[in-house]
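Peer 1: Sequence and predicted structure are below.
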Amino acid sequence: MCKDDLTYNIAAEALRNFFREKPFVFFGTGMSCALDNRFGMDALRDELLCQMNGHSLKRTQQEEWDRVMQSLRSGTDLESALDGVSDYALLQKITAITGCFVASVDREYAFRIANGEIEWPATHFLKRLVGGLPEGDRILHVLTPNYDMLFEYACDHSGIPYTNGFVGGVERRIDWDAVERALLSPERVYQRGKMKPTYKNRKHVRLYKVHGSLNYFFHQGVVIENNAWMWNPPDFAQRVMITPGLSKYETLQRYRQELLSKADIAIEREHHFLFLGYGFNDKHIEEYIKRKLVNQGCAGLIITRDSNPRIESLLLQAANLWLVCKSQEANSNGTRIFNKMYANWLSIPEKVLWDISQFTKEILGG
């Protein structure tokens with residue numbers, strides 16, 4: 001069957017129609033790298049190579065680390081290279097270096113965002129989504145594998161209500177039932193000729209940090225959230241950050257279950273998915289994504305600076321998936337758009353729609 005050519009008007013209308021329904025939002029390191037490339041995997045790789053040279057390793061640990069370095073030199077990505085590490089103590093060193101490095105960059109932006117000096121790129125976009133939530137479904141579900149706190153800083157600065165499931169004082173613990181109660185607002189509705197009190201959810205974001213976070217720790221036998229420790233944690237508390245390789249251990253699988261259980265339920269209920277700066281690198285999450293986008297034909301939209309082979313393979317399998325990304329042409333910040341229902345990639349050299357702030361202005365009008 002002959003396919004129609006993709007034009008700007010067709011693409012713009014399809015992208016606007018996508019947001020007529022509330023999406024489940026995934027965002028990845030691309031949203032952090034838009035502020036600073038040090039949040040990316042290349043910078044972390046360089047930091048690990050530098051810092052591990054200063055560590056005294058046992059023979060088996062050194063052999064494993066040598067294999068990691070060899071893999072990296074041959075062009076293997078960091079996640080895949082670290083999956084070959086099996087020594088738990090070595091992985092803990094890797095996690096400590098990762099946490100320290102990400103925290104050092106995160107701290108800079110905590111102050112700059114709070115002071116209004118800089119803004120997380122998707123802030124206005126997020127406000128539009130939360131403000132436009134339907135009255136019958138006032139929760140926006142958002143998932144990220146990022147360790148940094150840029151999303152949380154942006155929400156606090158912009159007054160966007162959100163929760164990650166933790167409640168309490170200085171040391172907060174997961175309790176989604178308590179969260180549910182805390183986010184109910186009293187309202188009065190007219191029923192059978194009378195005004196009656198009722199309670200509804202406030203419009204808010206539910207954030208699932210499925211790989212952990214700078215402020216998540218394992219302390220006294222449970223996962224806690226403690227903002228006071230995230231930049232300089234005590235020795236007695238272990239960071240809860242699922243780095244590549246760690247997922248094979250039972251203890252870390254427990255963390256993963258705590259971090260993913262509510263996200264699993266939310267994903268299963270959704271049929272509309274948005275991906276921002278997301279590289280499709282997590283095998284566990286990809287199982288859900290493929291089942292939803294490929295097997296069930298759910299609608300999807302990817303907005304990212306750079307495409308990759310994993311994304312383009314998914315595009316050819318999914319019946320209803322759009323990609324908005326950067327042009328491949330040298331010295332061009334233009335946009336490419338693709339959906340397999342159409343015969344061609346659409347090139348828009350004069351628009352920067354892969355930038356979520358520009359996308360918001362052009363497509364959503366805000």
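Peer 2: Good, I have the coordinates.

Peer 1: which stretches of this structure aren't confidently modelled?
Peer 2: The chain contains residues with pLDDT under 70 at 1-2, 247-252, 366.

Peer 1: now do 80
Peer 2: Within the chain, the ranges that satisfy pLDDT under 80 run 1-2, 54, 186-199, 244-258, 282-285, 330, 366.

Peer 1: who touches the nearest residue to Pro349 once chain neighbours are set aside in this structure?
Peer 2: The spatial neighbour of Pro349 that comes closest, neighbours along the chain excluded (C-beta to C-beta, 6 or more residues apart in numbering), is Gly334 at 3.7 Å. (Glycine included, C-beta is placed from N, CA and C.) Counting by C-beta atoms under 8 Å, 6 or more residues apart in numbering, Gly334 touches Lys326, Ser327, Ser347, Ile348, Pro349, Glu350, Lys351, Val352.

Peer 1: how does it look with 10 Å?
Peer 2: Contact partners of Gly334, counting by C-beta atoms under 10 Å, 6 or more residues apart in numbering, are Lys326, Ser327, Gln328, Ser347, Ile348, Pro349, Glu350, Lys351, Val352, Leu353, Trp354.

Peer 1: Make a markdown table from these and add secondary structure, neighbour count and distance to Asn146 to it.
Peer 2: Written out in a markdown table, the entries for the contacts of Gly334 read as follows (DSSP: H, G, I helix; E, B strand; the rest coil; neighbours: other C-beta atoms under 10 Å; distance: C-beta to C-beta, whole Å):
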| residue | secondary structure | neighbour count | distance to Asn146 |
| --- | --- | --- | --- |
| Lys326 | strand | 18 | 20 |
| Ser327 | coil | 18 | 26 |
| Gln328 | coil | 12 | 26 |
| Ser347 | strand | 15 | 30 |
| Ile348 | strand | 17 | 28 |
| Pro349 | coil | 12 | 31 |
| Glu350 | coil | 8 | 31 |
| Lys351 | coil | 19 | 27 |
| Val352 | coil | 18 | 23 |
| Leu353 | coil | 23 | 22 |
| Trp354 | coil | 25 | 19 |
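
Peer 1: got the residue ranges for the helices in the stretch 201-350 of the chain?
Peer 2: Assigned by DSSP state H, counting those that start in this stretch, the helices in the stretch 201-350 of the chain fall at 250-269, 283-290, 309-317.

Peer 1: Against Asp175, how distant is the residue nearest the centre of the chain?
Peer 2: Taking C-alpha atoms, centre = their mean, the centroid of the chain lies closest to Thr144, which sits 2.3 Å from it. The gap separating Thr144 from Asp175 is 21 Å, by C-beta to C-beta, to the nearest Å.

Peer 1: Next: Asn344.
Peer 2: 51 Å.

Peer 1: Next: Gln296.
Peer 2: 32 Å.

Peer 1: what's the answer for His271, then?
Peer 2: Counting by C-beta to C-beta - His271 and Asp175 are separated by 28 Å.

Peer 1: correct me, but Thr360 touches Arg16?
Peer 2: No: judged on C-beta atoms under 10 Å, Thr360 makes no contact with Arg16 at a distance of 11.7 Å.

Peer 1: Of these two, which one has the most company?
Peer 2: Applying other C-beta atoms under 10 Å to Thr360 and Arg16 shows that Thr360 carries more neighbours, namely 21 against 12.

Peer 1: tell me the contacts of the residue nearest to that one when sequence neighbours are not counted?
Peer 2: Using C-beta to C-beta, 6+ apart and skipping the chain neighbours, the partner closest in space to Thr360 is Phe125 (4.5 Å). By C-beta under 10 Å, 6+ apart, the contact list for Phe125 reads Val25, Leu274, Leu276, Ile303, Ile356, Ser357, Phe359, Thr360, Lys361, Ile363, Leu364, Gly366.

Peer 1: Now do the strands in the stretch 1-150 of the chain.
Peer 2: Remark: strands assigned in the stretch 1-150 of the chain by DSSP state E, counting those that start in this stretch are 24-27, 139-144.

Peer 1: what angle do the helix or strand just after the longest one and strand 139-144 make?
Peer 2: Scanning the chain past strand 139-144 towards its C-terminal end, the next helix or strand to appear is helix 150-158 (assignment: DSSP states H and E). Helix 150-158 runs at 140 degrees relative to strand 139-144, counting by axes from the mean of the first three to the mean of the last three C-alpha atoms, to 10 degrees.

Peer 1: Output the contacting helices and strands for helix 150-158.
Peer 2: helix 29-33, helix 88-114, helix 123-131, strand 139-144, strand 162-163, strand 204-209, strand 212-219 (3 or more C-beta pairs under 10 Å, 6 or more residues apart in numbering; DSSP states H and E).

Peer 1: Quick check: which of the ones you listed is nearest to Ile10?
Peer 2: Nearest to Ile10, of all those, is helix 123-131, at 22.3 Å by C-beta to C-beta.

Peer 1: Give me the angle between that closest one and helix 88-114.
Peer 2: Using the same axes, to 10 degrees: helix 123-131 against helix 88-114 is 90 degrees.

Peer 1: Tell me how far the residue of the chain most remote from its centre lies from Tyr199.
Peer 2: In the chain, the residue that sits farthest from the middle, by C-alpha atoms, centre = their mean, is Gly193; the gap is 46.6 Å. Distance of Gly193 to Tyr199, computed by C-beta to C-beta: 21 Å.
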